[in-house]
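A.B. asks: Give me a 3D structure for the following:
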Amino acid sequence: MSQRWYCSLESGVWGPADEEQVEEILRTGHLHKATWVRREDGDEWIALADAGLFPVDSIPDPPDTSDPSGAEPSDVRGDAPPAESVTDVAETVAASGRATLRGSRAALSTLGGRGQQALEAIDFEHRKKQARDTFNLYRLFWTRVLKSDFSVVRATADEKRRLTAGVDPVESPLAQDYASWRRSLLMICILVLGISTFFNITDIWAILSSRDTHVIRKIQTALLFLFQFGSVVLCALAAWNWGELRRSRSLARFAWLTQFVGPFLVFLAPLSLFIDEGLVLFQLGLAAVVTLAPKIFGLFPGLIRCSLTVKTLLPETSAPGWLGIIIAPFYLLFLAVGTIAAIQMSQLMLGIGLGLLAAQMGVVVWQAKRLLHPCEQAQASSNVKAIKRTQLLFQIAGVSCIAIFLYRIGEFDWVWFNSLVLFVFSFVGNVTLLTVVMSDFMLGMIRQGQLQAEAFAGTPLSKSLAARLDDLASCGLTDLEAGEAAFAGRLKGGGGVLARAASSSGSKLLQRARRSGGSAAEARQPLDQDEGGGRN
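C.D. replies: As a prediction, the model looks like this:
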């Protein structure tokens with residue numbers, strides 16, 4: 001049978017404890033070579049290094065403030081050690097990590113009432129640290145989501161360790177930053193979509209439990225909830241496997257397809273074949289509009305956010321800018337139709353709000369040159385930041401007008417509030433998830449385009465394409481500007497046509513150089529002479 005020992009710690013005398021329990025306390029870092037110990041059946045206090053319990057090399061040295069030659073401690077035991085000492089021990093143990101915490105629990109649980117108080121203090125400090133870490137982590141996630149700028153997005157040390165230790169190690173700092181950004185958006189998606197699903201449960205339960213609801217509508221409601229819940233699960237799996245980029249990208253795509261395509265498939269079923277009641281069909285049609293509206297509304301902003309984000313990741317390419325300036329006009333027109341409808345229905349405040357939201361898409365079109373221009377990352381970040389700042393002003397103003405309109409309607413109740421929260425969170429979730437999925441897709445699209453362009457260069461087809469474009473450029477069909485400057489010059493009465501667009505002159509210059517087999521500089525002189533003769 002092993003001996004039982006008392007240990008003199010700063011918080012008081014602990015014991016009696018057997019050798020295994022003393023070893024557990026030693027692992028927590030609260031014992032050192034000069035710690036006083038004594039046997040349960042003995043009266044003599046000796047230093048731990050002289051007790052023969054453990055090899056001397058395995059016992060840590062005493063701290064600098066210790067005094068091994070001090071007076072021997074008395075065998076005084078109370079119900080609990082001083083509160084400050086327990087807190088200090090708890091903070092030390094909580095900061096030492098999970099493995100130490102488990103060892104401390106095993107050791108302190110054998111020490112009676114004082115051990116229980118120490119355990120409670122340890123639990124409190126551990127929970128406080130977990131709450132603080134979780135808050136800081138989600139604050140980091142929200143910052144990344146709101147900024148989405150790779151000049152400021154950086155992977156943390158923990159994220160880098162996770163990425164380098166994965167099945168497919170990620171060593172590139174740029175790839176690590178992108179992976180950490182994806183993780184942040186996916187975690188926010190889980191939060192937002194989870195809240196949306198929670199608020200939707202009330203309506204779903206009311207429909208499924210109602211005896212007056214048609215069975216077809218119950219089936220439809222159950223399918224929609226399964227798609228919504230499945231999307232949250234897939235999104236959670238994508239976030240859980242964020243370090244394994246291939247798996248996470250695949251799961252994120254399936255999550256978006258489940259949330260976006262699933263409801264469309266449900267509502268495509270011709271329910272009029274099964275239902276003859278007009279009221280029920282109207283309710284089903286209204287449910288389709290309410291369900292699909294936030295998904296459609298979130299489609300265009302998600303693509304715009306994707307284009308702006310990828311521009312800061314790959315500032316040397318113009319592909320993200322092309323996506324933005326192609327998508328933005330469609331969303332602008334979509335909101336413009338809503339603006340016109342609101343004004344015609346004498347809902348001026350709603351019309352102003354929708355018009356301001358449409359204007360924020362116009363900012364992207366207005367700043368098209370900044371997005372299409374290849375540049376360094378610092379300049380791309382500056383351009384994107386300016387666009388986002390202007391968009392935010394229009395967005396805040398537009399949402400405020402819509403909020404005032406809704407407030408004037410009145411008649412607020414739980415059903416109205418639940419529908420509003422459901423719409424907002426569904427919209428935000430769709431935008432965020434689509435931003436992740438489309439960013440992944442755009443990176444692959446840009447890479448494949450680069451590889452195809454390299455393989456295409458110098459081939460007979462490449463020369464044939466160049467010749468065809470030259471033929472079209474000779475009459476200005478390939479110029480982005482179609483004489484707007486000249487037309488504006490006539491309207492201003494400036495006494496003649498303004499200078500031709502640089503793109504048109506460049507097209508003619510390039511065409512002449514290729515046909516003559518010379519350089520662009522050699523072809524410039526006859527081109528200038530032609531233009532000069534025309535002006536004369």
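A.B. asks: avg pLDDT for the longest helix anywhere in the chain?
C.D. replies: Of all the segments of type helix in the chain, defined by DSSP state H, the longest one is helix 414-456. Averaging pLDDT along helix 414-456 gives 85.
A.B. asks: again, but for stretch 266-276
C.D. replies: For stretch 266-276, the per-residue pLDDT values average out at 74.
A.B. asks: Would you mind measuring the gap between the ends of that stretch?
C.D. replies: The separation between the terminal residues of stretch 266-276, taken as CA to CA, to the nearest Å, is 19 Å.
A.B. asks: quick one, domains of the protein?
C.D. replies: Per the record's domain assignment (automatic domain parsing), the chain is made up of the domains 4-128, 148-456, 463-535.
A.B. asks: residue ranges with poor pLDDT in this protein?
C.D. replies: Applying pLDDT under 70 to the chain flags residues 1-2, 9-15, 29-30, 42-43, 63-126, 271-274, 410-415, 483-536.
A.B. asks: Using PDB, write out every CA atom in stretch 447-467.
C.D. replies: The C-alpha atoms that make up stretch 447-467 are tabulated as PDB, following Å, rounded to 0.1, in the frame of the first residue of the first chain:
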ATOM      1  CA  ARG A 447      -7.400  29.900 -64.000                       C
ATOM      2  CA  GLN A 448      -8.900  27.900 -66.800                       C
ATOM      3  CA  GLY A 449      -9.200  31.000 -69.000                       C
ATOM      4  CA  GLN A 450      -5.500  31.700 -68.500                       C
ATOM      5  CA  LEU A 451      -4.500  28.200 -69.400                       C
ATOM      6  CA  GLN A 452      -6.700  28.100 -72.500                       C
ATOM      7  CA  ALA A 453      -5.300  31.500 -73.600                       C
ATOM      8  CA  GLU A 454      -1.800  30.300 -73.300                       C
ATOM      9  CA  ALA A 455      -2.600  27.100 -75.200                       C
ATOM     10  CA  PHE A 456      -4.500  29.100 -77.800                       C
ATOM     11  CA  ALA A 457      -1.800  31.700 -78.500                       C
ATOM     12  CA  GLY A 458       0.200  31.200 -81.700                       C
ATOM     13  CA  THR A 459      -2.200  28.500 -83.100                       C
ATOM     14  CA  PRO A 460      -3.800  28.900 -86.600                       C
ATOM     15  CA  LEU A 461      -7.100  29.500 -84.900                       C
ATOM     16  CA  SER A 462      -5.600  32.400 -82.900                       C
ATOM     17  CA  LYS A 463      -4.400  34.000 -86.100                       C
ATOM     18  CA  SER A 464      -7.800  33.500 -87.700                       C
ATOM     19  CA  LEU A 465      -9.500  35.100 -84.800                       C
ATOM     20  CA  ALA A 466      -7.200  38.100 -84.900                       C
ATOM     21  CA  ALA A 467      -7.900  38.600 -88.600                       C
END
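A.B. asks: Any idea how far it is from the middle of the chain?
C.D. replies: On the basis of CA atoms, centre = their mean, to the nearest Å, the separation between the geometric centre of stretch 447-467 and that of its chain is 36 Å.
A.B. asks: Over to stretch 360-367?
C.D. replies: Counting by CA atoms, centre = their mean, stretch 360-367 is centred 23 Å from the centre of its parent chain.
A.B. asks: same question, stretch 351-370
C.D. replies: Between the mean C-alpha point of stretch 351-370 and the mean C-alpha point of its chain there is a distance of 24 Å (CA atoms, centre = their mean).
A.B. asks: Please consider this matter closed, and thank you.
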